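Chemist: How does the following fold in three dimensions:
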Amino acid sequence: MSGSEKQARPKIPRRALAGVLLLDKPLGLSSNDALTRAKRLYLAKKAGHTGTLDPLATGLLPLCFGEATKFSQDLLDADKTYEATMRLGIRTTTGDAEGEALETRDVACDEAAVIEAMKRFLGDIVQVPPMYSALKLDGKPLYEYARVGQTVEREGRQVTIHALQMIACALPLVIFRVTCSKGTYVRTLAEDIGEALGCGAHLTALRRAGVGALTLEHAVTLDELANLSEEERDARLRPVDALLSTFPAVQLNDEATKRFLHGQRLRLADIATARIEAGRVRVYAQEGGRLLGVAKAGEGVLAPERLIVTAQ
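Modeler: Numbering: from 1, shown residues only. Now for the predicted structure:
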């Protein structure tokens, strides 16, 4: 094909979509690759994800389109729920099945001992981030040090394990479900449980089942998306405020809406018919129920944080 023919090829117009796609990410695909494929299917102008899943992990990956990208941080900060399988008795270089075996030990525990060990990790715990992670030291991801055989000091970080439940046990394999705070490494949790049992462990499978209030229940795969019409694909997008469902809602009249969209702080006494607790809220226009953005309530005022200026 000549250069002039290449130049003559018309560009495919991109669409200004706004919404949230609950994607069921497949095994072996990076989060960025999954985002790129979904963005291409939707012909979307702007899209982003809400925190990565490792290629060896599957499950819920919420993707944000258009105005929804303004609120992706709220899901980055949200609690996550995973279903995981760990293999007791073998430690690996990466803490999961992708790494090479470092050590093999006998598994002398029983199911009851595993349950008791897991109880020790409920609540606030301190985790040392794994070397095979994207955390940066001196501007370089830790995994780059690990790949050349370097181990560097990492500070422990406090995370919270809200729930930890065994689903099935067929030793040396244990399947469990965990709900945890942001920043938790489930493979590190599996390794630490293995150490508590005296035999070591590594993660063999990981599936994310929930992010904040969003779950896998209505998620769609890339293959399913590819087989839908444009109209059917669009119907899979949830509204922008699906990301904000845990925030209290506040409605504004026409005058307050105009001031809010200009970034002005509003007196709560002027806009509220009921008490508004201090904290972050989602804000709507009374007329039409349109989402306007997110604000922080406190000290008698409603202060805009992030705004939506296009019609929803």
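
Chemist: Strand partners (parallel or antiparallel) of the strand ranked longest in the chain?
Modeler: Counting residues, the longest strand found in the chain (DSSP state E) is strand 157-170. Within its sheet, strand 157-170 is paired with strand 123-127 (antiparallel), strand 173-180 (antiparallel), according to DSSP bridges.

Chemist: Of these, flag the one that's most buried.
Modeler: Mean neighbours per residue, mean count of other Cβ atoms under 10 Å, is largest over these for strand 173-180, with a mean of 20. In short, each C-beta sits where N, CA and C put it, glycine included.

Chemist: ok, residues contacting that strand?
Modeler: 79-88, 114, 118, 159-169, 184, 186, 189, 201, 204, 209-210 (Cβ atoms under 8 Å, 6 or more residues apart in numbering).

Chemist: hang on, the earlier thing: could I get the strands paired with strand 157-170 as TSV with distance to residue 253?
Modeler: Written out in TSV, the entries for the strands paired with strand 157-170 read as follows (distance: least, Cβ to Cβ, whole Å):
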stretch	distance to residue 253
strand 123-127	43
strand 173-180	39
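
Chemist: Indicate which one of those strands is closest to residue 223.
Modeler: strand 173-180 (25.5 Å; Cβ to Cβ).

Chemist: The helix or strand that the closest one is followed by: how far from the chain's middle?
Modeler: Toward the C-terminus, strand 173-180 is succeeded by helix 186-196 as the next helix or strand (DSSP states H and E). When C-alpha coordinates are averaged (Cα atoms, centre = their mean, to the nearest Å), helix 186-196 and its chain have centres 21 Å apart.

Chemist: Equivalent analysis for stretch 271-284, please.
Modeler: The answer for stretch 271-284 is 26 Å, by Cα atoms, centre = their mean.

Chemist: one step back: if we compare the strands paired with strand 157-170, which one ends up closest to residue 61?
Modeler: Of these, the one closest to residue 61 (Cβ to Cβ) turns out to be strand 173-180, at 16.9 Å.

Chemist: Give me the angle between the closest one and helix 186-196.
Modeler: Angle, strand 173-180 to helix 186-196, by axes from the mean of the first three to the mean of the last three Cα atoms, to 10 degrees: 120 degrees.

Chemist: Do me a favour and average the pLDDT over strand 173-180.
Modeler: What strand 173-180 shows for mean pLDDT is 98.

Chemist: so how far is it from its chain's centroid?
Modeler: For strand 173-180 - counting by Cα atoms, centre = their mean - the centre lies 17 Å from the chain centre.

Chemist: which of the residues in the host helix or strand of residue 295 are buried?
Modeler: In this assignment (DSSP H and E), residue 295 forms part of strand 291-298. The neighbour-count check on strand 291-298 (16 or more other Cβ atoms under 10 Å) flags 291-295, 297 as buried.

Chemist: count of residues packed around residue 262?
Modeler: Other residues lying near residue 262 total 9 when counted by other Cβ atoms under 10 Å.

Chemist: ok so, going back, what's the longest strand of the chain in contact with?
Modeler: With Cβ under 8 Å, 6+ apart, strand 157-170 has contacts from 79, 83, 111, 114-115, 118-119, 121-129, 174-184, 189.

Chemist: on that earlier part again, what two of the buried residues of strand 291-298 have the greatest distance between them?
Modeler: Top of the distance list for those (Cβ to Cβ): 291 and 297, 16.4 Å.

Chemist: With that, I have no additional questions.
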